[in-house]
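Trainee: Whatever this is, show me its structure:
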Amino acid sequence: MRITELLDKKSISLDAAPKSKNEALDMAVDLMAESGKIKDKEAYKKLVYAREEESTTGVGEGIAIPHGKGGCVDNPGLAAMVIKDGVDFASLDEEPVNILFLIAAPDTEDNVHLDVLSKLSMMLMDEDFRKKLIESKDADEFIKVIDEADEERGSVDEQIAETSIADDTSGALKVVAVTSCPTGIAHTYMAAEGLEKAADKAGIKIKIETRGSSGAKNVLTDEDIAAADCVVVTADAKVPMDRFKGKKVIERKVADGINKADEIMGIVKDGSAPIYEGGDSTESTSAASSDDNGSVGHKIYTWLMNGVSHMLPFVIGGGILVAIAFLIDTIAGYGATGGGDFGSITPVAALLKYIGGLAMGLMVPVLAGYIAYAIADRPGLAVGFVGGMLASSGNAALAGYTFAEGTLIDGTVIGSFGRFVTDFGFQQPNGGNTVSGFLGGIVAGFLAGFIVLGLQKICANLPQALDGIKPTLIYPLVGIFLEGIIMCFVLNPLIGLANTGLSNMLTAISDAGMLTALGLILGAMMAIDMGGPINKAAYVFGVGMLTQASDYMNSGLTADDPKVIACYVSMAAIMVGGMVPPVGIALACWIFPKKFTKAERGSAVSNIVMGASFITEGAIPFAAADPLHVIPCTMVGAGVAGFLAALFKCTLMAPHGGLFVFATVGNPLMYIVAWLVGSAVTCVMLGLIKKSVEE
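Mentor: So this is what the prediction gives:
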């Protein structure tokens, strides 16, 4: 398809003068509507803005290529604007935009907009082409300039396939390159075009592999790589890297291929690129170690988000299955009488809760495993998974072993070293909870990644004959051992001590009769680690209070006695606090969409379901992605809800929460008020203090 087939004269403006990025987008959408290609202008505008929130389409060199694809588009189309004075578009190179092309594509499988976008983006890298467009006197001349350039160039595949260096005998420097971006559209091909032009200017022969939306094109052969004097990788996505082992490799962001291609070719010519030592897997994240690839904080965020994105399906899928299990038991009539077995009383509910519980049990190991994977690639997976399991399961209970009493099975007294292992490597029979939860999982993931990186450096000088056993023996064996020792002897025991102290503190506050303060603290504790040790400490305390209430009533006290009510108020504060984080975050996703990624916004509805079902873990992906901003907001909101529930003397007699056990709630109307107010507080705080995301 030719580019001008999509371009209508009515959708071209050569004298646009928007004052802002949003105004430029609105004007472009108006032009697109003039072409008659879209049937719902407002719906299309939302698509364009949603795409812009994912990442800027201001690709640099004064160019912006926003686009939207959906059912509101009847036929594929283009709108074009020339902005001679420029407009700030938050472009990758921070320069103003002078040329804007807006693409509209119907929701079909042919992805015509991707093909057009790829070719148009490469054409726009030509400075003369851009100049002719800007200087066009009318729409006819503008279309003619595009048509002539389109005619001169082949398809994207043909352009990319023209380059080859394996048989070149010119004596010039030879370079092989790979370009890739997460979406694999404009940036991938613009980087390829930029590198090709810079190489031509420097007298360097180059072959470029593009890893775009339709797969890898012009794939580098072993002969190409062997012939190359240097390898250039400009990518923000995974590319196969081990094939470059032993070659000089320059690793940069994909944007550098567009805006700093000349600088990269200068490094090629002076021969200062480092030798790539290689990893121990077939796939690696390019630019991971480049100083030009972003700040340390950005790298940490990227590693963390890799874990969060892989964890999200386990939280949502497992959490909703558990919620359905509660719903089934409620429909069966056990909402008020199920007690601790609620959710697994009927066979179908028990099956769903079992499956969902297993899925949710995997979320912390997956979080840790894929954080480690982002840092150290595939060798980090096993170490990270084990660290995550130790974080989510805690240390083994000492009481279950034969040496619990200090002797072995034959009566032999264990030695001093054995006693040390016993005291610090296991949970004591009456000790604190050693489960470190998702916060421990984050630490375990980073720990695993850096352990494996350290092992790779240590093993770098081993004989080449041992390369085969490093990823299958050395890294997993030594890495899992070190990870396990640190988790069992440092992190998990520290969590145990902290939880014992928390339990003692809660008991003291309860004994003092400070109900509102207790409600505030219990509610906040439910939202700190959302299913982790602090959350569980509050829950265990609440269950203990229900047992205490039963004991009081067995001794002759009535249900309206202040001591009994205090026990039920504690459980109500705990449950309402646990319901706040997912709902508050879901509300913020809708009210403050720019604060969240597209994937996070997509999980808002499931968070409402999980919050209403007392599944606090629905908030974990958000907290893991931005703990410094999200956790304080959820803590305050949940604390407010717990405080209000205690203030209103709301009670709960079931060891669970959510809408399904409202039959056991005392003062239910004010309980709902406490829940909604706490959720609103979390929502507003997120809108105020959370930073807008950059995807």
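Trainee: residue ranges for the helices of the stretch 51-200 of the chain, please.
Mentor: For the stretch 51-200 of the chain, the helices defined by DSSP state H, counting those that start in this stretch occupy 112-123, 127-135, 139-152, 156-161, 186-202.
Trainee: Now the weakest link among the ones you listed, please, by mean pLDDT.
Mentor: Note on the helices of the stretch 51-200 of the chain: helix 156-161 shows the lowest mean pLDDT, a mean of 52.
Trainee: for the helices of the stretch 51-200 of the chain, which one ends up most surrounded?
Mentor: helix 186-202 (a mean of 24; mean count of other C-beta atoms under 10 Å). Any C-beta I mention is one placed from the backbone N, CA and C, and that applies to glycine too.
Trainee: I'd like the helices of the stretch 51-200 of the chain as TSV, with distance to L78 appended.
Mentor: Shown next, in TSV, are those (distance: least, C-beta to C-beta, whole Å):
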stretch	distance to L78
helix 112-123	7
helix 127-135	13
helix 139-152	9
helix 156-161	16
helix 186-202	14
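Trainee: Of those helices, give the one that comes closest to S20.
Mentor: Between S20 and those, the shortest separation by C-beta to C-beta is 20.3 Å, and it involves helix 127-135.
Trainee: Which one of the helices of the stretch 51-200 of the chain lies nearest to P668?
Mentor: It's helix 112-123; of the helices of the stretch 51-200 of the chain, that one is closest to P668 (C-beta to C-beta) at 51.6 Å.
Trainee: Look up how far I206 lies from N218.
Mentor: In this view, N218 and I206 are 11 Å apart by C-beta to C-beta, to the nearest Å.
Trainee: okay, these two: which has more neighbours?
Mentor: Neighbours per residue, other C-beta atoms under 10 Å: of N218 and I206, the larger number sits with I206, 26 against 20.
Trainee: That one contacts E196, correct?
Mentor: Yes - taking contacts as C-beta atoms under 8 Å, I206 lies within contact range of E196: 6.1 Å.
Trainee: show me the contacts for D107.
Mentor: Under the criterion of C-beta atoms under 8 Å, 6 or more residues apart in numbering, the contact partners of D107 comprise K69, G70, G71, V73.
Trainee: hmm, try it at 7 Å
Mentor: Under the criterion of C-beta atoms under 7 Å, 6 or more residues apart in numbering, the contact partners of D107 comprise K69, G70, G71.
Trainee: next one: R130
Mentor: R130 makes contact with G62, I99, L124 under the criterion C-beta under 7 Å, 6+ apart.
Trainee: Could you single out the nearest of the residues you listed to V231?
Mentor: The shortest approach to V231 among the contacts of R130 belongs to L124, at 26.5 Å (C-beta to C-beta).
Trainee: How many neighbouring residues does the closest one have?
Mentor: Using other C-beta under 10 Å, L124 has 24 other residues around it.
Trainee: Could you do N504 as well?
Mentor: As a burial measure, the neighbour count of N504 was computed by other C-beta under 10 Å and equals 11.
Trainee: name the element it belongs to?
Mentor: helix 492-511 (DSSP states H and E).
Trainee: moving C-terminal of that helix, what's the next helix or strand?
Mentor: Taking DSSP H and E, what comes next after helix 492-511 is helix 515-526.
Trainee: helices and strands around that following helix, which ones?
Mentor: For helix 515-526, the elements it packs on are helix 492-511, helix 533-554, helix 562-591, helix 627-647, judged by 3 or more C-beta pairs under 7 Å, 6 or more residues apart in numbering; DSSP states H and E.
Trainee: K9: which of the helices of the stretch 51-200 of the chain is closest?
Mentor: Nearest of those to K9, taken as C-beta to C-beta: helix 139-152 at 4.3 Å.
Trainee: Could you list the residues in contact with the closest one?
Mentor: With C-beta under 7 Å, 6+ apart as the contact definition, helix 139-152 has outside contacts at 2-4, 7, 9, 12, 14, 80, 123, 129, 132-133, 136.
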